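> Here is a sequence together with a model predicted from it:
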Amino acid sequence: MASQANEISDSARWLLVSRRDLSANSSFFYGVKSTQIFCRPTCPGRVARRGNVIFFNDLQHASQSGYRPCKRCEPCNDSWSRDNSGRRIAYRAHAMIVAAEADNVKWTVESMARKLGLFCISWRSRRKLSGAYEARWSSFILPQTQDHETSCYT
């Protein structure tokens, strides 16, 4: 892939980064000069200003240039897949919630995050799972098998 990355111009790379094009994932990396962090083209973080971006063909060049890996997109993690890892965590969380409700065990966002091995949980995610939703979250994400007209929005 490195030879393919060499053929791509910086303007084409920038277009892929700004669109977070999944086809460019791991074909090259970009670093942000102001933070000294390097990312995958598909990083979910805020896209830096074009003037602060430098492109790398591989991880070694980025590291040797003094850049450290992004903690959001984990460019050094070979098994990275944002969609798949998110789905796996959601399925595991769902199974834990269903099991807890079946056993009449009260669960919290913090206890679930600990069991899932998550070091922190974003405020937005916590807000979605807390309060009125916390006790009934599994009922919102379970497919409605018996009553297809029931919706979580009503």
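Good, I have the coordinates. Numbers count the residues shown, from 1 in each chain.
> Quick check: which ranges of the protein have low pLDDT?
Applying pLDDT under 70 to the chain flags the ranges 1-7, 79-87, 119-154.
> For it, which segments count as strands?
Counting by DSSP state E, the chain has these strands, from start to end: 29-32, 37-39, 53-56, 68-69.
> Serialize those strands to CSV and add fields for mean neighbour count.
C-beta: built from backbone N, CA, C; applies to glycine. Output for the strands of the chain, formatted as CSV (neighbours: other CB atoms under 10 Å):
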stretch, mean neighbour count
strand 29-32, 24
strand 37-39, 24
strand 53-56, 18
strand 68-69, 16
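> Switch those strands over to CSV; also include distance to K106.
Below are the strands of the chain laid out as CSV (distance: least, CB to CB, whole Å):
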stretch, distance to K106
strand 29-32, 43
strand 37-39, 39
strand 53-56, 47
strand 68-69, 38
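> Dump the longest helix that the chain contains to CSV, restricted to CA.
In the chain, with assignment by DSSP state H, the single longest helix is helix 82-102. Coordinates of each C-alpha in helix 82-102 appear next as CSV, following Å, rounded to 0.1, in the frame of the first residue of the first chain:
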residue,chain,number,x,y,z
ARG,A,82,-14.5,1.9,14.3
ASP,A,83,-17.8,0.4,13.1
ASN,A,84,-17.1,-3.1,14.1
SER,A,85,-15.6,-2.3,17.5
GLY,A,86,-18.5,0.0,18.3
ARG,A,87,-21.0,-2.7,17.3
ARG,A,88,-19.1,-5.3,19.4
ILE,A,89,-19.3,-3.0,22.5
ALA,A,90,-23.0,-2.3,21.8
TYR,A,91,-23.8,-6.0,21.6
ARG,A,92,-21.9,-6.8,24.7
ALA,A,93,-23.5,-3.9,26.6
HIS,A,94,-26.9,-5.1,25.3
ALA,A,95,-26.3,-8.7,26.6
MET,A,96,-25.2,-7.4,29.9
ILE,A,97,-28.3,-5.2,30.3
VAL,A,98,-30.6,-8.0,29.3
ALA,A,99,-28.9,-10.3,31.8
ALA,A,100,-29.1,-7.7,34.6
GLU,A,101,-32.8,-7.1,33.9
ALA,A,102,-33.5,-10.8,33.9
